[in-house]
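>>> Give the three-dimensional model of this entry:
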Amino acid sequence: MKIRAYCRIPQKKTNTIRSKEGSCPALMYDLFNELEGANEIHIAAYLFNNPTYFDFLSSLAKKGCKVKITSLPILGYKDKPLKVEGYTDKVSARQIALEIYNKINVTRNMQLKIFPHLYVWYGALYADGGASYSFHVKAVYAKFPNGINKSIFCSGNFMLTDPYHSDNIIVFEGSSSYEKTFQAFFKDLEKYSISYKEFDKKFKGYKEQFLYSFYKKEINLKKNGFSNCFFTAPFYLYDSLGSNHYAGNRIIELINNAKKRIWICAQHFHDLISFDTERGTIINALYNKFLSKPKTEFRFLKQVPHSSLADKRRAGMAETLFQFVMKAEQRYNKLVHDKFMIIDDTLLVSTANYTSTQFAFGKRKMDYKEGDKKYRKEDNFSEVNGFAILPSCPKTVLKQYENHFDLLWNCGQAIEINL
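Residues are numbered from 1 along each chain as shown. The predicted model follows:
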């Protein structure tokens with residue numbers, strides 16, 4: 001097995017004009033190099049609207065490579081016009097996504113599927129009043145003629161209209177254990193997703209998307225086959241435990257076993273409250289580690305302090321605990337979009353941020369209002385994400401993430417709570 005990592009920080013600092021190559025251009029070309037020569041590519045992308053990415057994939061498709069992409073419905077994209085390089089007029093994420101979706105639909109050897117799953121959790125809604133889409137994963141599974149295939153996680157989407165930010169990719173080549181997980185996930189995801197060609201027929205409105213439910217459609221997997229690589233989804237259980245609970249508990253296990261250091265780098269990091277009794281929380285695990293091993297080196301790096309968030313409570317309480325109780329170092333850097341942890345010599349990479357909702361799972365009655373009409377469904381609250389754990393991580397890969405952390409850390413600003 002070979003493992004390769006790419007960690008990139010964009011050189012441009014201004015976001016007045018967004019890049020025509022997306023939020024992290026250099027990383028996108030790293031991915032292209034990894035995918036060159038593939039004869040089959042499966043992509044799960046929270047958002048997919050990058051013309052450069054599409055052009056690359058369509059060039060492979062013209063050579064005979066089969067490309068299957070799963071992403072959100074068009075309604076999942078923002079409609080705010082922004083200035084982007086190469087466009088005379090301002091464009092929105094939704095506008096460009098529609099153009100790309102329609103191109104995929106008529107390109108030979110390319111197929112687009114839609115994952116329309118929506119959830120409602122304690123009134124957490126989008127600004128427009130709709131429920132939230134659960135699809136947050138960024139993963140690629142690529143097959144090659146020589147039979148040595150690649151399983152890839154990425155922290156970002158390469159969104160055309162996103163601001164510049166740092167991101168990373170990790171590639172597992174020729175790994176039977178990681179590949180088994182990716183194979184199963186894409187098979188199940190594509191089974192539960194809807195062809196773009198059929199989507200408008202089956203889901204004529206927002207109501208039909210909302211009523212799409214996975215309750216009693218779950219696949220129950222065995223934990224022992226998914227120890228170091230796993231996905232969360234509303235259609236996954238692990239030994240009857242909700243997949244997001246399983247993911248949260250695995251991270252807590254890593255923290256509990258730490259002996260020397262815990263470095264966390266994430267866009268958002270405030271898993272303070274568990275919504276049920278199926279798991280603890282990452283913040284509580286860190287506090288318990290401090291109590292048992294106070295000399296542990298704690299370093300916490302995220303995109304913005306709690307004062308810049310719409311919901312400031314959980315992040316503010318976590319920052320207060322870190323500063324006044326644990327005396328831990330914490331900084332923020334507006335470029336951070338990565339999602340990884342370094343625990344001793346173990347590396348965890350994910351497509352998920354470390355927040356309470358990312359690790360929540362459970363059957364709920366969910367309501368959606370449309371005018372005077374109210375619709376209700378029973379469904380699993382769950383976000384779709386991917387996780388990879390590298391125990392005794394290869395030194396070259398670990399060093400890349402250490403250096404990436406340090407570069408972002410050194411350009412960051414200290415988080416200080418003033419009581």
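
>>> And the helices in this protein?
25-35, 51-62, 93-105, 176-192, 196-202, 206-210, 243-256, 282-292, 313-320, 395-410 (DSSP state H).

>>> got the CA positions of the longest one in CSV?
Spelled out, it's helix 176-192. Coordinates of each C-alpha in helix 176-192 appear next as CSV, following Å, rounded to 0.1, in the frame of the first residue of the first chain:
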residue,chain,number,x,y,z
SER,A,176,-7.4,-3.5,0.3
SER,A,177,-8.9,-2.4,3.6
TYR,A,178,-9.5,1.2,2.7
GLU,A,179,-10.6,0.3,-0.8
LYS,A,180,-13.2,-2.2,0.6
THR,A,181,-14.8,0.7,2.5
PHE,A,182,-14.8,3.0,-0.5
GLN,A,183,-16.2,0.3,-2.8
ALA,A,184,-19.1,-0.4,-0.4
PHE,A,185,-19.9,3.2,0.2
PHE,A,186,-20.1,4.2,-3.5
LYS,A,187,-22.1,1.1,-4.3
ASP,A,188,-24.6,2.0,-1.6
LEU,A,189,-24.6,5.7,-2.3
GLU,A,190,-25.3,5.3,-5.9
LYS,A,191,-28.0,2.8,-5.2
TYR,A,192,-29.8,5.3,-3.0
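
>>> who touches the nearest residue to Cys393 once chain neighbours are set aside in this structure?
Counting by CB to CB, 6 or more residues apart in numbering, Cys393 lies nearest to Leu347, which is 4.1 Å off, once chain neighbours are set aside. Every C-beta, even on glycine, is put in place using the N, C-alpha and C of the backbone. The contact partners of Leu347, by CB atoms under 8 Å, 6 or more residues apart in numbering, come to Phe340, Met341, Ile389, Leu390, Cys393, Val397, Leu398, Tyr401.

>>> which strand residues sit across from Leu347 in the sheet?
Ile342, Leu390 (DSSP bridges).

>>> Next one: it, what pLDDT does it get?
In this model, Leu347 is scored at 98, pLDDT.

>>> Would you quantify the distance from it to Lys399?
11 Å (CB to CB, to the nearest Å).

>>> Need the phi and psi values for the spatially most central residue of the chain.
The chain has Thr351 as the residue nearest its centroid, 2.8 Å off, counting by CA atoms, centre = their mean. The phi and psi values for Thr351, taken as degrees, to the nearest 10, are phi -100, psi 0.

>>> so it makes contact with Lys138?
Yes: counting by CB atoms under 8 Å, Thr351 does reach Lys138; the two are 4.9 Å apart.
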